[in-house]
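Asker: The sequence isn't on hand, but the structure is:
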Ligand code: DON
């Protein structure tokens with residue numbers, strides 16, 4: 001590890017690389033190179049956090065920390081924590097700002113999963129704020145009259161893909177349970193920013209410019225993101241008074257102000273009248289939305305307890321399967337850059353995804369063998385398949401303990417690449433890991449009252465049957481689509497040691513599992529773990545992150561029999577480690593997040 005200086009600013013301690021410090025007596029010149037102009041209004045601690053990330057160094061803190069995908073959102077969360085708020089309070093404030101400054105990824109029109117470690121009780125709780133299918137949906141939601149699956153993008157844009165949003169209800173549920181601060185106060189910073197305007201970030205501007213055809217299909221969406229026929233540019237000041245008004249309603253009435261009344265009416269009208277692709281959502285669907293508490297899925301991994309979100313997310317079970325198989329091998333002694341290490345991890349991931357495809361869906365609708373899939377004996381037997389020198393020629397789902405009369409067919413549709421991850425530890429020691437989404441970038445491209453509606457229903461299988469069997473993850477009325485989101489908290493001796501998670505579609509599972517391997521098994525600090533090149537093999541093609549050292553593994557992996565391709569792997573990991581010396585945070589340079597603490 002390179003040497004570090006601890007710079008105390010405004011009562012905060014942020015670890016900075018010495019190089020960044022030596023460049024000048026203040027931080028300006030070094031940071032000015034990396035910090036986009038859009039973030040020029042940031043506080044000094046936030047700028048230091050950005051510099052640390054750019055230098056590949058974790059940020060250190062003593063009492064609390066927040067990591068999220070946009071520095072403006074992180075600063076608002078830090079204010080809440082500094083004032084003594086809980087991690088749940090900070091999440092509400094962060095999510096409200098993310099919905100404004102990173103609207104392409106998450107917001108009031110989407111859904112989220114939350115994992116909570118409670119310092120007072122030592123318990124882990126998971127809350128499911130996933131979008132739900134309208135009661136009018138059928139298994140043939142995304143099929144032509146002939147029963148053929150619709151082309152993916154034909155299904156995404158418009159009303160058909162919109163599920164009942166869960167994020168507003170989840171924000172309220174978490175706040176009711178674990179919040180201390182005044183609800184309306186937590187929404188106030190986002191309201192102010194929406195009224196005053198925020199500077200469009202480079203990533204947002206790039207995504208707006210790259211999505212002209214879809215973003216300009218509906219007038220309200222076009223008017224906000226492509227005003228006067230031109231895309232919003234980096235640094236442009238964007239006001240969003242409609243969003244401010246929606247948040248005021250939420251502040252005054254709670255989530256009920258979203259799920260009933262004029263906001264709900266406008267959502268339903270936008271969905272049902274979407275030209276060319278109207279949807280099914282009704283006022284009743286919104287009024288009956290509920291956050292569901294689910295049992296956490298936890299496994300032992302080399303003495304650590306890895307806990308996450310069970311069905312309808314596939315995240316925790318699939319990560320448990322990957323790690324459970326790898327636990328049969330001495331991974332900590334293996335070279336992180338060796339082909340054989342990645343043969344093992346890649347094929348462990350492929351096997352886990354084969355099970356995921358067959359068995360995981362909304363457990364309120366389909367029996368999911370959670371115990372069987374994560375049982376050590378079952379995983380040890382699956383791991384035996386990995387005792388070889390080359391790639392597995394074929395990968396099929398296994399037979400975990402289960403009533404196989406209840407068998408369903410596999411869904412191998414990968415979820416597509418928006419989404420955001422928030423990791424928080426508060427001064428009382430509570431930890432929160434939440435992955436939040438509107439599914440694809442800009443969701444269904446329907447913009448209502450200052451926020452975008454999700455296209456989460458396209459996470460269902462478009463096919464309803466395979467080989468005469470119903471597909472577990474097919475659409476059904478009131479069902480929640482399978483997710484890959486993997487908000488994770490790792491415990492040791494009952495206390496949290498890592499909080500992590502990422503956006504990125506199905507590869508979320510690999511990004512998260514691999515960040516844990518890098519940190520827990522190879523002892524890398526959280527920023528270095530995040531920065532490592534990605535190698536992801538979920539469905540048979542090994543995708544190596546292009547432009548990184550992973551490219552060097554293409555030839556040896558091919559020689560082992562893998563099909564290999566280079567590609568972008570845009571994770572957005574936000575990771576906090578909690579150790580005897582305090583908190584250590586990292587944020588993914590592939591997106592625009594920072595970790596900030598004191
Ligand atoms: O729930 C899921 O797994 C997906 N809807 C997440 C989509 C996503 O992460 C896109 N990321 N860039």
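Answerer: In hand now; what should we look at? This is a predicted model, so every value here is computed, not measured.
Asker: CA atoms for contacts and neighbours, from now on please.
Answerer: Fine.
Asker: Helices of the stretch 51-200 of the chain, residue ranges please.
Answerer: 71-82, 87-101, 152-156, 167-178, 183-196 (DSSP state H, counting those that start in this stretch).
Asker: buried residues in the first one?
Answerer: Read it as helix 71-82. Going by neighbour count (16 or more other CA atoms under 10 Å), the buried part of helix 71-82 is 71, 72, 73, 74, 75, 76, 77, 78, 80, 81, 82.
Asker: unless I'm mixing things up, the third one is touching residue 91, no?
Answerer: Yep, that's residue 73 we're talking about. No - counting by CA atoms under 8 Å, residue 73 does not reach residue 91; the two are 9.6 Å apart.
Asker: Low-confidence ranges, this protein, go.
Answerer: 1-34, 404-417 (pLDDT under 70).
Asker: for it, what's the longest helix?
Answerer: In the chain, with assignment by DSSP state H, the single longest helix is helix 339-359.
Asker: and residue 381, helix, strand or coil?
Answerer: Secondary structure state of residue 381, per DSSP: H, G, I helix; E, B strand; the rest coil, is helix.
Asker: Now do it against residue 387, distance only.
Answerer: The gap separating residue 381 from residue 387 is 11 Å, by CA to CA, to the nearest Å.
Asker: which residues does residue 448 contact?
Answerer: Going by CA atoms under 8 Å, 6 or more residues apart in numbering, residue 448 touches 220, 266, 267, 270.
Asker: buried stuff in the longest helix of the chain?
Answerer: Burial within helix 339-359, assessed by neighbour count using 16+ other CA under 10 Å, is assigned to 339-340, 342-359.
Asker: Can you name the residues in contact with whichever helix or strand comes after that helix?
Answerer: Next along the chain after helix 339-359, taking DSSP states H and E as the criterion, comes helix 370-374. With contact meaning CA under 8 Å, 6+ apart, helix 370-374 is reached by 299, 317, 320, 321, 324, 355, 378, 379, 400, 401, 402.
Asker: mind checking how far helix 370-374 is from the chain centre?
Answerer: Relative to its parent chain, helix 370-374 has a centroid offset of 23 Å by CA atoms, centre = their mean, to the nearest Å.
Asker: cool, and stretch 126-140?
Answerer: Taking CA atoms, centre = their mean, one finds the center of stretch 126-140 at 18 Å from the center of the full chain.
Asker: Buried ones in that stretch, by neighbour count?
Answerer: Neighbour counts over stretch 126-140 (16+ other CA under 10 Å) mark 126, 127, 128, 129, 130, 131, 132, 133, 134, 137, 139, 140 as buried.
Asker: what residues are up against the fourth one?
Answerer: The contact partners of residue 129, taken as CA under 8 Å, 6+ apart, are 111, 112, 113, 114, 165, 166, 167, 169, 170, 290, 291, 292.
Asker: before we move on, the earlier item: sort out for me which of the contacts of residue 448 are in helices.
Answerer: Residues from those lying in helices, with DSSP H as the criterion: 220, 266, 267, 270.
Asker: Also within reach of the ligand: list those from those.
Answerer: Among those, no residue sits close to the ligand (CA under 6 Å from any ligand atom).
Asker: Narrow these to those that are buried.
Answerer: 220, 267, 270.
Asker: And the residues you listed, which is closest to the ligand?
Answerer: The ligand lies nearest to residue 267 out of these, by CA to the nearest ligand atom, at 19.8 Å.
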